[in-house]
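predicted model and sequence follow; I will ask about them next.
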Amino acid sequence: MTSQRVLDLLGDAVAREILQAGVHGPVTIDDLTARTSVSQSTVYRRVSALVESGLMREEHGVTSTPSKRAYTTTTEHIGIDLAEDDIRVHLDPEVPYANAAREITVEPLRVDLDTRTVTIELSLDDALFEQFQRLWELQQESK
């Protein structure tokens, strides 16, 4: 992936529409053609470029027809670093708690309706727990 290629793709309205369609799950070329109102060959070219750049990936076995391909957007966050002589693009830069709603299990331990307080216990996956631990340690060091 080159930063310039990703920026070029993000500048293309059809590519952006394809990326948005793939954020919530696998989409087929037929789905994308219907959504974008461009030719199927144009959709194939954009999807191919998006896969090559790392912005989408091909999914296997997710449609009722095993030979039919489906595609999913690989990132919800894109970071751009601007320097005097360069522009760099980062897929999925570290955004604290960006995907927390999908990765945290919340169990209420106690609910007090009078004071409107809820005591909860969080179960985090390994990656999110490591991120939490780093942030916690930084906070403790700054006290």
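Now that the structure is in, tell me what you want to look at. This is a predicted model, so every value here is computed, not measured.

and A127, which of the three is it?
Here A127 is helix, with the state taken from DSSP: H, G, I helix; E, B strand; the rest coil.

what pLDDT does it get?
A127 is assigned a predicted lDDT (pLDDT) of 75.

so how many other residues sit close to it?
Residues near A127, counting by other Cβ atoms under 10 Å, number 10. The way it works is simple: take the backbone N, C-alpha and C, and place the C-beta from them, glycine included.

where exactly do the helices run in the protein?
3-10, 13-22, 29-36, 40-53, 100-103, 126-141 (DSSP state H).

those: lowest mean pLDDT?
The stretch with the lowest average pLDDT out of those is helix 100-103, scoring a mean of 50.

quick one on the thing from earlier: nearest to R116, out of the helices of the chain?
Of all the helices of the chain, it is helix 100-103 that lies closest to R116, at 21.9 Å by Cβ to Cβ.

residue contacts, the spatially closest residue to L32 that is not a sequence neighbour?
Sequence neighbours aside, V43 is the residue nearest to L32 in space, at 4.8 Å (criterion: Cβ to Cβ, 6 or more residues apart in numbering). With contact set as Cβ atoms under 8 Å, 6 or more residues apart in numbering, V43 has these partners: 14, 18, 29, 32-33, 36.

which of those sit farthest apart?
V14 and I29 (12.9 Å).

tell me the spacing between the residue with the largest distance to the centre of the chain and Q40.
Relative to the C-alpha centroid of the chain, counting by Cα atoms, centre = their mean, D114 is the outermost residue, at 39.7 Å. Distance from D114 to Q40, counting by Cβ to Cβ, to the nearest Å: 61 Å.

could you say which of the helices of the chain is packed most deeply?
With neighbours taken as mean count of other Cβ atoms under 10 Å, the helices of the chain reach their highest mean count in helix 13-22, at a mean of 19.

which elements pack onto it?
On a contact count with 3 or more Cβ pairs under 8 Å, 6 or more residues apart in numbering; DSSP states H and E, helix 13-22 meets helix 29-36, helix 40-53, strand 56-59, strand 70-73.
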